[in-house]
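Participant: Need the 3D shape of this:
(chains A and B, ligands or ions: 3)
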Amino acid sequence: MFTIIDLVQPNNLDEAYQILSDKRNNTILGGCAFLKMGKKRINTGVDLTNLKLSYIQERDNFIEIGAMTSLRELETHPLLKEYYNGVLPQSVRDIIGVQFRNGVTVGASVYSKYGFSDLITALLCLDTEVELFKAGRMPLADFLTMPKAKDILVRLWIKKTLRQAIYLSFRSSASDYSVLNVAVSKLDNHWTIAVGARPSKAAIAVSASAMLSQEVLTLEEIEEIAQKASEELSFGTNQRGTATYRKALCKALVKRGIMEVLPCKSN
Amino acid sequence: MQIELTINEKAVKWEVAFDELLADTLRSHGFLSIKTACDTSCCGLCTVWIDGKSRLSCSILSLQAHGKKITTIEGLPKEAEEFAQILSAEGAEQCGFCSPGFIMSVLAMKNELVNPSEEEIIHYLTGNLCRCTGYMGQLRAIKTFLGVA
Ligand SMILES: Cc1cc2nc3c(=O)[nH]c(=O)nc-3n(C[C@H](O)[C@H](O)[C@H](O)COP(=O)(O)OP(=O)(O)OC[C@H]3O[C@@H](n4cnc5c(N)ncnc54)[C@H](O)[C@@H]3O)c2cc1C
Ligand code: FES
Ligand code: FES
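Facilitator: Ligands and ions are numbered 1, 2, ... in the order given. You can find the predicted model right below:
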């Protein structure tokens, strides 16, 4: 069980960041589901409830998602069902249960860079930017490779396009963590293949994605590209599966993903 | 620290510790329908409603419930009884330990989904564990309760 000595609910981000930086053990609180499983001794918990960061908003060129938005809101919001072939709702729907998703937050899910994350994989195949209070706005892929620094994830910006995407995860049993997960997207002829739960954090299969960007694809070519994705990414072993098993799953899921996105119209 | 909230339509002021979880606060104030059966947020036994939405009371700080409207099964005697009758008629209840949380989820589902299919029901109720039964009786009871085939 974690412990919290003091708790604040600041009314603006400057104050929240100030308190976060004051002491090493000061910690941002999201929904607290992950924190409560740990043994962290928190000096001051910084609760973001009063910052009005729970929202999904359509802008001219972006969809903006506040850090305190719950995964369930992401799953049920009409805008996200409509855009990108509903890939974001699809990616979170198997995480534990409804009551759980009503409580856990988008900000914590992305900031924590969990290797098993379903959401990060799906976001990575879209044109997603992360806005951090201190480090500013950057592409999600850059954020994922950046060294961990104390900061506040404020919101996500997803470029509004006709990008069509699909999310696939392989789970040993319902509501368990993914053994492997894959998101594939296409905008005109630009494809992105993202693979997560390798079990390390999600990454884009850059070469395989580039190989897809040709006019016509035969079944053999798709299989070859799926093979390429499984070769260019690295896989590891944990209780849920071996590296070899994950590599084989990667090939199968990437192939399935491509075949499902192929008939979708994105231009 | 003091929090103010509404519990089953009644306004209360409670003294809570900074790291106290809502499930513990509720039980300490006599809401014994709240059960906790895991420490990994995965069993659903501790389900209550916060501002009308089902939540795991084991996975939220009591302080984060400040100013909110909490509903436990004690606050829904009529609806809970109606469903519990159907549940027991289907023989879908054995020890009953999972029932309060499960019923709160079923009632939340009834408010949220219109004419759900079997697949939608199963998806909505994943994360509500029962160690005694095989879930089939519950599924029959839910279909009867919702009037879906
Ligand atoms: C039992 C269990 C099973 C899970 N299974 C899955 C799964 O299958 N797939 C999946 O994708 N996810 C899964 N998750 C992760 C879950 O979806 C959430 O991502 C996770 O619980 C964190 O969300 P939270 O709101 O509870 O964060 P918290 O527990 O409150 O915080 C987690 C961390 O994020 C930090 N933090 C919170 N908000 C911010 C912010 N805005 N800026 C900076 N730092 C912040 C906190 O300081 C803390 O270090 C699981 C979690 C649990 C507990
Ligand atoms: S006690 Fe198991 S989910 Fe809350
Ligand atoms: S009836 Fe015993 S746990 Fe469900």
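Participant: where exactly do the helices run in the chain?
Facilitator: Going with chain A. Assigned by DSSP state H, chain A shows helices spanning A:13-22, A:71-76, A:78-82, A:87-92, A:98-101, A:106-111, A:118-124, A:140-145, A:206-212, A:219-232, A:243-261.
Participant: Please refer instead to chain B.
Facilitator: B:22-28, B:77-89, B:99-112, B:118-125, B:136-146.
Participant: related to what we said a few turns ago, which one of the helices of chain A lies closest to ligand 1?
Facilitator: Set against ligand 1 and scored by CB to the nearest ligand atom, the helices of chain A come closest in helix A:106-111, at 3.0 Å. The C-beta positions use only the backbone N, C-alpha and C, and glycine is treated the same way.
Participant: Which residues belonging to the closest one are considered buried?
Facilitator: A:106-111 (16 or more other CB atoms under 10 Å in any protein chain shown).
Participant: How about stretch B:135-149?
Facilitator: Of the residues in stretch B:135-149, B:137-143, B:145-146 count as buried by neighbour count, 16+ other CB under 10 Å.
Participant: swap in stretch B:84-91?
Facilitator: B:84, B:86-87, B:90.
Participant: returning to what we had before: now the buried residues of helix A:106-111 as JSON lines including pLDDT and distance to B:I7?
Facilitator: What follows is the buried residues of helix A:106-111, written out as JSON lines (pLDDT from 0 to 100; distance: CB to CB, whole Å):
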{"residue": "A:V106", "pLDDT": "98", "distance to B:I7": "28"}
{"residue": "A:G107", "pLDDT": "98", "distance to B:I7": "28"}
{"residue": "A:A108", "pLDDT": "98", "distance to B:I7": "27"}
{"residue": "A:S109", "pLDDT": "98", "distance to B:I7": "30"}
{"residue": "A:V110", "pLDDT": "98", "distance to B:I7": "33"}
{"residue": "A:Y111", "pLDDT": "98", "distance to B:I7": "32"}
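Participant: Could you dump these into JSON lines with distance to ligand 1 added?
Facilitator: Formatted as JSON lines, the buried residues of helix A:106-111 follow (distance: CB to the nearest ligand atom, whole Å):
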{"residue": "A:V106", "distance to ligand 1": "8"}
{"residue": "A:G107", "distance to ligand 1": "3"}
{"residue": "A:A108", "distance to ligand 1": "3"}
{"residue": "A:S109", "distance to ligand 1": "3"}
{"residue": "A:V110", "distance to ligand 1": "8"}
{"residue": "A:Y111", "distance to ligand 1": "4"}
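Participant: Tabulate these (CSV), appending distance to A:K150.
Facilitator: CSV is the format used below for these (distance: CB to CB, whole Å):
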residue, distance to A:K150
A:V106, 19
A:G107, 14
A:A108, 14
A:S109, 18
A:V110, 15
A:Y111, 10
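Participant: which among these gets closest to B:L22?
Facilitator: B:L22 has its nearest neighbour among those in A:A108, at 18.0 Å by CB to CB.
Participant: so what are the domain limits for chain B?
Facilitator: Per the record, chain B has its domains at B:2-72, B:75-146, by automatic domain parsing.
Participant: Next, see if the first one gets close to ligand 1.
Facilitator: Translated: domain B:2-72. Yes: Domain B:2-72 reaches ligand 1 (CB under 6 Å from any ligand atom) through B:40-42.
Participant: Count the neighbours of residue 58 for me.
Facilitator: Chain wasn't specified; assuming chain A. By other CB atoms under 10 Å in any protein chain shown, the residues close to A:E58 number 11.
Participant: that's the wrong chain, I wanted chain B
Facilitator: 26.
Participant: and it, what is it in contact with?
Facilitator: By CB atoms under 8 Å, 6 or more residues apart in numbering or on different chains, B:C58 lies in contact with A:36, B:21-23, B:36, B:38-39, B:41, B:46.
Participant: any weak-confidence spans in the stretch 1-150 of chain A?
Facilitator: Applying pLDDT under 70 to the stretch 1-150 of chain A picks out no residues at all.
Participant: for chain B, same thing?
Facilitator: Along chain B, the parts satisfying pLDDT under 70 run over B:149.
Participant: How about the residues of it by ligand 3?
Facilitator: Checking chain B against ligand 3 by CB under 6 Å from any ligand atom, the hits are B:93-98, B:130-133.
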